[in-house]
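Participant: sequence first, then the predicted structure, then my questions.
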Amino acid sequence: MEESLLRKLKMYYNVSAVLETRKTVWENSAAFSVDVVELDDCIGKIDSKSVSIKGSEKKSKEKQQAGQEMLDAALSVCGAGYAYADKIKDNGIKTQFDYNRSSLKRGNEKEICDRCANIAIAAEPIAKALLDFNMPAGEVDILKETAAAYNGLISAPRSAIKGDKSAKEEMLQVFDDCDKLLTERLDRMMMPFENTQPEFYIEYSNARVIGGWSRGKKKEDGEKK
């Protein structure tokens, strides 16, 4: 979630906490009570949407990490494989490892994955020989494993993105609904409390500051001084 929305959500939490603490002041007002329940419902919906979005973002990050590890391993294997092929003067083997980072990344995700998997297959029979050409031990196995992991993650984030887009749009609508609820109704119904329940009114006003209760509290204290 964007930082600006996180700050706004924190403000919602702070307002809800103040209202809960001062429940005896407003609980006899039917309209006020209904709107407090609606505020808490909005917060719950935002939390639910946020959890869903975080899950798919995690998948996307996992794919990105697997892809980076796959390319790093492929470059290491290619470097050793190319040098080995040149040493034994085998142009056929050299062609199988003739890649740099740019050429490895050509094409779509599936083509990149297949390319790296094929490099691992080509390197398996000569893996021991490649150790003498500055390839770390176990690098071929790492390449196979990361290529398999990346292949399994290729479609996951893509399908999640569609769901994310819908969830984000719905979440932003809930934010709008919550803002309107506060601005158009609860803020208005709080106005009489400025005189009748000044401490409650100040606590509510502080909580309504974007960025958190403490910031608003410090501002209020500063104004008193």
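Facilitator: Done, it's in.

Participant: select the longest helix from this protein.
Facilitator: helix 30-87 (DSSP state H).

Participant: next structured bit after that one?
Facilitator: helix 91-96 (DSSP states H and E).

Participant: pLDDT weak spots in the chain?
Facilitator: Of all residues in the chain, those with pLDDT under 70 make up the ranges 54-58, 155-164, 211-225.

Participant: rerun that using 80 as the cut-off
Facilitator: 1, 51-62, 155-167, 210-225 (pLDDT under 80).

Participant: give me the neighbour count for residue 132.
Facilitator: Neighbours of residue 132 under the rule other C-beta atoms under 10 Å: 11. In this view, the C-beta of every residue, glycine as well, is placed from N, C-alpha and C.

Participant: any idea how far the longest helix of the chain is from the chain center?
Facilitator: Put simply, helix 30-87 sits 5 Å off its chain's centre (C-alpha atoms, centre = their mean, to the nearest Å).

Participant: just stretch 199-212 next, same as before
Facilitator: Stretch 199-212 sits 30 Å away from the centroid of its parent chain (C-alpha atoms, centre = their mean).

Participant: likewise for stretch 20-33?
Facilitator: Here stretch 20-33 is found 37 Å from its chain centre; the criterion is C-alpha atoms, centre = their mean.

Participant: start to end distance for it?
Facilitator: Terminal residues of stretch 20-33 are spaced 11 Å apart (C-alpha to C-alpha, to the nearest Å).

Participant: could I get the buried residue list for that stretch?
Facilitator: Going by neighbour count (16 or more other C-beta atoms under 10 Å), the buried part of stretch 20-33 is 22, 25, 26, 32.

Participant: mind listing residues that contact that stretch?
Facilitator: 19, 36, 185, 186, 189, 193, 197, 200, 203, 204 (C-beta atoms under 8 Å, 6 or more residues apart in numbering).

Participant: please save the CA atoms from the helix or strand hosting residue 199 in PDB.
Facilitator: Using DSSP H and E, residue 199 maps to helix 198-207. Provided in PDB are the C-alpha atoms of helix 198-207 (Å, rounded to 0.1, in the frame of the first residue of the first chain):
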ATOM      1  CA  PRO A 198     -14.200  19.600  24.900                       C
ATOM      2  CA  GLU A 199     -11.700  16.800  25.900                       C
ATOM      3  CA  PHE A 200     -13.500  14.300  23.600                       C
ATOM      4  CA  TYR A 201     -13.600  16.900  20.800                       C
ATOM      5  CA  ILE A 202      -9.800  17.700  21.100                       C
ATOM      6  CA  GLU A 203      -8.900  14.000  21.200                       C
ATOM      7  CA  TYR A 204     -11.000  13.400  18.100                       C
ATOM      8  CA  SER A 205      -9.500  16.400  16.300                       C
ATOM      9  CA  ASN A 206      -6.000  15.300  17.100                       C
ATOM     10  CA  ALA A 207      -6.800  11.800  15.800                       C
END
